[in-house]
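Peer 1: Build me a structure from this.
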Amino acid sequence: MKTSDFDFVLPPDRIAERPAEPREAARLLAVGRERLDDRRVEDLPELLASGDLLIVNDTRVIPARLYGRRGQARVEVTLHRSAGGGRWRALARPAKRLHPGDVIHFAEGFLALVVAREEDGDVLLDFDRDDAALMAALERHGRLPLPPYIVRPEGADPRDATDYQTVFARTAGAIAAPTAGLHFTPELLVRLGQRGIAITRATLHVGLGTFLPVKVEDPREHRMHAEIGALTAESADMINAARGQGRRVIAVGTTALRLLEAAAAPDGEVQPFSGETNLFILPGYRFRTAHRLLTNFHLPRSTLFMLVSAFAGVGRMREAYAHAIAGGYRFYSYGDCCLLDRMGDP
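Peer 2: Below you'll find the model as predicted:
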């Protein structure tokens, strides 16, 4: 297995700069084991069955990008993982000029102490305030950290503040949206409910792993950054009941699927979960939980394209992506999506 096995060429005009309007007007490629079907997100209730259970990620993207000064030097900081006690791991530019003991001033009364510079390039910052106070400061002074392929010379704009949050968002902590959830609207949720399709929530705070490319030739040598997640006992019970009754479990997004797999016992029973996971899924992985996966179209050579290839089959995903590119589908965070059947399921 080589990282180049997961490469493909995407024309730049296929990268979505804004979401579809309305959201459920986005295109959906249904990837079955025998056919590809061009649909719309609004068709999702017809593509699912009464009794199906959707697992959604309710993380909320925080305005984690900050601009400040160390003395007269400008510094850009992107927080990506809480270390507890008012401390956060962050990417910084220029990181090499930051040293333990330096103070970064972001606004009047809002500053951070550089505690350490880590071997992996992160800096550890101490804001000397509790999580609630820090989140309030971020809301005043921070910006949403949009992916680099969404071009905003001045950073995220007011429209992004709404566009880049899902209707499920309630637990603050992500630096990127769980993008499959961006396609849902209150109206679509009503139609899913009328169809007898249930929804339960999980939380995985999307971190740096979403953006970092796989740079090693052997993807098994790639180190996945840990992300913080949680699954309640109530959600675990709903998932186990659905599986026990022969109903299908559908993960909405790769983040929801990764959390489900991290919380699953070898026999597939899902346990309540709270903590970190750095699960990296490659072809050959044996899935234990979800039967189907709703997900956006991902970057070449990315851990996410590797995950969907593991789920639906490398050859099948190559065929699906070639079809999507030729057919003008829109890619990445604000783009279209696909509904995948798990390889090997009846």
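
Peer 1: Domains in this structure, by residue range?
Peer 2: For the chain, automatic domain parsing gives the domain ranges 3-61+164-341, 65-142.

Peer 1: Of the ones you listed, give the one that comes closest to Tyr149.
Peer 2: Closest approach to Tyr149 among these (C-beta to C-beta): domain 3-61+164-341, 5.4 Å. To be clear about C-beta, it is placed using only N, CA and C from the backbone, and glycine gets the same treatment.

Peer 1: What mean pLDDT does that closest one get?
Peer 2: Mean pLDDT, computed over domain 3-61+164-341, is 94.

Peer 1: just use 629 as the starting number from now, easier for me
Peer 2: Yes, from this point I'll number from 629; that puts the last item at domain 631-689+792-969.

Peer 1: Span of it from start to end?
Peer 2: Using C-alpha to C-alpha, to the nearest Å, the end-to-end distance of domain 631-689+792-969 comes to 24 Å.

Peer 1: just how off-centre is it within its chain?
Peer 2: A distance of 8 Å separates the centroid of the chain from that of domain 631-689+792-969, by C-alpha atoms, centre = their mean, to the nearest Å.

Peer 1: So which bits of the helix or strand Arg946 falls within are buried?
Peer 2: Per DSSP states H and E: Arg946 is located in helix 942-954. By 16 or more other C-beta atoms under 10 Å, the buried positions in helix 942-954 come out as 942, 944-945, 948-949, 952-953.

Peer 1: Could you list every helix and strand in contact with that helix?
Peer 2: With contacts taken as 3 or more C-beta pairs under 8 Å, 6 or more residues apart in numbering; DSSP states H and E, helix 942-954 sits against strand 655-659, strand 664-668, helix 931-940.

Peer 1: what angle do the last one and strand 655-659 make?
Peer 2: Put plainly, it is helix 931-940. 40 degrees (axes from the mean of the first three to the mean of the last three C-alpha atoms, to 10 degrees).

Peer 1: Same list (the helices and strands packed on helix 942-954) but as JSON lines, adding mean neighbour count and distance to Asp633.
Peer 2: Output for these, formatted as JSON lines (neighbours: other C-beta atoms under 10 Å; distance: least, C-beta to C-beta, whole Å):
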{"stretch": "strand 655-659", "mean neighbour count": "21", "distance to Asp633": "19"}
{"stretch": "strand 664-668", "mean neighbour count": "14", "distance to Asp633": "21"}
{"stretch": "helix 931-940", "mean neighbour count": "23", "distance to Asp633": "9"}
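
Peer 1: possible to save those as TSV with distance to Ala858?
Peer 2: Converted to TSV, the helices and strands packed on helix 942-954 look like this (distance: least, C-beta to C-beta, whole Å):
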stretch	distance to Ala858
strand 655-659	29
strand 664-668	32
helix 931-940	20
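
Peer 1: ok so, going back, for the helix holding Arg946, C-alpha coordinates in CSV please.
Peer 2: Extracted C-alpha coordinates of helix 942-954, given in CSV (Å, rounded to 0.1, in the frame of the first residue of the first chain):
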residue,chain,number,x,y,z
VAL,A,942,-10.6,1.3,-3.2
GLY,A,943,-11.7,0.4,-6.7
ARG,A,944,-15.3,1.5,-6.0
MET,A,945,-14.2,4.9,-4.6
ARG,A,946,-11.9,5.5,-7.5
GLU,A,947,-14.8,4.9,-9.9
ALA,A,948,-17.1,7.1,-7.8
TYR,A,949,-14.6,10.0,-7.7
ALA,A,950,-14.0,9.7,-11.4
HIS,A,951,-17.7,9.8,-12.0
ALA,A,952,-18.1,12.8,-9.7
ILE,A,953,-15.3,14.8,-11.3
ALA,A,954,-16.5,14.1,-14.9
